[in-house]
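Asks: need a structure here:
(one chain, ligands or ions: 2)
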Amino acid sequence: MYADDIVYGSQRFISLPQKVYFQDIPLYDIIDIGAFPITALREIKILQLLKNENVVELLEICRTKASPYNRWKSTFYLVFEFCEHDLAGLLSNVNVKFTLGEIKKVMMQLLNGLFFIHSNKILHRDMKAANILITKSGVLKLADFGLARAFSCKGMPNRYTNRVVTLWYRPPELLLGERNYGPAIDQWGAGCIMAEMWTRSPIMQGNTEQHQLQLISQLCGSITPDVWPGVENLELYGKLELPKGQKRKVKERLKHYIKDQYALDLLDRLLTLDPTKRIDTDSALNHDFFWNDPMPCDLTPMLSRHGTSMFEYLAPPRRRVPHPHQQPPKQPPNPDQHFERIF
Ligand SMILES: Nc1ncnc2c1ncn2[C@@H]1O[C@H](COP(=O)(O)OP(=O)(O)O)[C@@H](O)[C@H]1O
Ligand SMILES: [Mg+2]
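Replies: Ligands and ions are numbered 1, 2, ... in the order given. Next comes the predicted model:
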């Protein structure tokens, strides 16, 4: 398929028998297939492997026709099934309210998608609310496999890059320089996103890697070999300043937002410092959180009350969250405004 057969003007969202989302392969002026970026090839290969209800579907790869109008340079597009919302967009809109059953449905689908990709030996490596898409019929899709890669658990220790995952969702092992990591890195992100379902904005908004580790220690307790045997062998353990004497306060700090004990328990297990003890997708899906009333319920009725698409890039920029111990503002939020939560 040639994209300019179907794209008019600069429109990227177009009317087809099926609504689709076009993502151009950025930064590269691809003249011929020989110059196709290896990162895009990796993403395509992974997306072609991952066919699951909770993973965004790659429908086509197409390109514009080379012509004098584009100086004989084609642009390649990945064509995806269209999803009406992303989770960051939904969470930044104060009018969108999730019940406990709906939060369970979101988390169940998210973990189900992760279970599927991890079973296929793929790490996502960029878990965050903006990369979680939700269709108008309430089906959640993991998206943005731009940083994803295959992993192996056998043989020699792996030496993957640790320069992955958006800082606020980055797990402590990556921040400490671990290069032989595995699916637990995505589980940490799932924990951050789970908390965000209640707090409505990212729970640990560090400015630097050092600051991020500080925020993690303040919430999850000091990072020591007692709670995480072997951490002392990680490359940056001795080089970065890690807060000492911090108590673990995951449940205590989040109980103001989350009243459900099962939710707090699952969150505590997802935000476990030691990656070898962090709960995996299979055990998380079997957790009591999903098997007690209210049971996970359909998101369609709630979403159908909101006619327009909600995406992070359409929402006003979220302000920096003030110091965690600061009191929330007293005035009720204006219901017409996107709002900022204070954690
Ligand atoms: N299939 C899709 N349907 C609708 N919107 C999408 C789709 N895929 C991505 N988007 C939107 O575009 C944003 C950026 O896409 P993404 O795949 O995350 O690329 P990147 O973050 O690398 O630019 C997403 O956060 C989402 O809001
Ligand atoms: Mg993205």
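Asks: make it CA atoms for all contacts and neighbour counts henceforth
Replies: Will do.
Asks: Which parts of the protein are helices?
Replies: 38-49, 87-91, 100-119, 172-175, 184-199, 209-220, 250-254, 261-270, 281-285, 300-304 (DSSP state H).
Asks: quick one: which of those helices is nearest ligand 1?
Replies: helix 87-91 (7.6 Å; CA to the nearest ligand atom).
Asks: what about that closest one and ligand 1, touching?
Replies: No - Helix 87-91 lies out of reach of ligand 1 by CA under 6 Å from any ligand atom, never closer than 7.6 Å.
Asks: gap between that helix and the chain center?
Replies: Helix 87-91 has its C-alpha centroid displaced from the chain centroid by 11 Å (CA atoms, centre = their mean, to the nearest Å).
Asks: next one: stretch 290-300
Replies: 21 Å.
Asks: Could you list the buried residues of that stretch?
Replies: Within stretch 290-300, the residues that count as buried by 16 or more other CA atoms under 10 Å are Phe290, Pro296, Cys297, Asp298, Leu299.
Asks: Take those and lay them out in JSON lines including pLDDT.
Replies: Listed next are the buried residues of stretch 290-300 as JSON lines, based on pLDDT from 0 to 100:
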{"residue": "Phe290", "pLDDT": "98"}
{"residue": "Pro296", "pLDDT": "98"}
{"residue": "Cys297", "pLDDT": "97"}
{"residue": "Asp298", "pLDDT": "97"}
{"residue": "Leu299", "pLDDT": "97"}
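Asks: Tell me the one among these nearest to ligand 1.
Replies: Leu299 (17.4 Å).
Asks: Surely that closest one touches Ser137?
Replies: Yes - here Leu299 reaches Ser137: they are 7.0 Å apart, a contact under CA atoms under 8 Å.
Asks: Please enumerate the strands of the stretch 1-150 of the chain.
Replies: Under the criterion DSSP state E, counting those that start in this stretch, strands of the stretch 1-150 of the chain are mapped to 20-24, 58-63, 76-81, 85-86, 122-123, 132-134, 140-142, 149-150.
Asks: neighbours around whichever residue of the stretch 101-250 of the chain sits closest to ligand 1, how many?
Replies: Proximity to ligand 1, evaluated over the stretch 101-250 of the chain using CA to the nearest ligand atom, is greatest for Asp144 at 3.8 Å. Asp144 has 20 neighbours, counted by other CA atoms under 10 Å.
Asks: Could you do Arg163 as well?
Replies: Arg163 has 14 neighbours, counted by other CA under 10 Å.
Asks: What residues does the stretch 201-343 of the chain have near ligand 1?
Replies: Checking the stretch 201-343 of the chain against ligand 1 by CA under 6 Å from any ligand atom, the hits are Phe311, Glu312.
Asks: and with 8 Å instead?
Replies: For the stretch 201-343 of the chain, the contact set with ligand 1 under CA under 8 Å from any ligand atom comprises Met310, Phe311, Glu312, Tyr313.
Asks: Write the PyMOL selection for whichever of these are buried.
Replies: To isolate the buried members of those in PyMOL, using 16+ other CA under 10 Å:
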select buried, resi 310+311+312
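Asks: ok, the residue nearest to Thr135 when sequence neighbours are not counted to Lys19 distance?
Replies: Leaving out its chain neighbours, the residue that sits closest to Thr135 by CA to CA, 6 or more residues apart in numbering is Cys83, at 4.4 Å. Note on Cys83: its distance to Lys19, by CA to CA, to the nearest Å, is 9 Å.
Asks: What of Leu234?
Replies: Leu234 is 47 Å from Lys19, by CA to CA.
Asks: Repeat that for Cys297.
Replies: 26 Å.
Asks: next one: Gly182
Replies: As for Gly182, its distance to Lys19 is 35 Å (criterion: CA to CA).
Asks: between the two, which one's more packed in?
Replies: Gly182 (21 against 13).
Asks: Which residues are in contact with that one?
Replies: Applying CA atoms under 8 Å, 6 or more residues apart in numbering, we find Gly182 in contact with Leu123, Phe151, Cys153.
Asks: which of these count as buried?
Replies: So, by 16+ other CA under 10 Å, the buried ones in the contacts of Gly182 are Leu123, Phe151.
Asks: List, one by one, the residues from the stretch 1-150 of the chain near ligand 1.
Replies: Residues of the stretch 1-150 of the chain that fall close to ligand 1, judged by CA under 8 Å from any ligand atom: 20-23, 56-57, 79-86, 88-89, 130-133, 143-146.
Asks: are any of those residues buried, and which?
Replies: Using 16+ other CA under 10 Å, the buried ones in those are 20-22, 56-57, 79-86, 88-89, 130-133, 143-146.
Asks: The residue nearest to Glu60 when sequence neighbours are not counted and Tyr313, how far apart?
Replies: Among residues not flanking Glu60 along the chain, Val79 sits closest, at 5.0 Å (CA to CA, 6+ apart). Look at Val79 and Tyr313: by CA to CA, they are 19 Å apart.
Asks: Give me the pLDDT value at the closest residue to Tyr160 other than its chain neighbours.
Replies: The shortest distance from Tyr160 to any non-neighbouring residue, by CA to CA, 6+ apart, is to Arg179 (5.0 Å). Here, the pLDDT recorded for Arg179 equals 95.
Asks: what about the residue of the chain positioned farthest from its centre, distance to Ala263?
Replies: Distance from the centre of the chain peaks at Pro68, with 40.2 Å (CA atoms, centre = their mean). According to CA to CA, Pro68 and Ala263 sit 58 Å apart.
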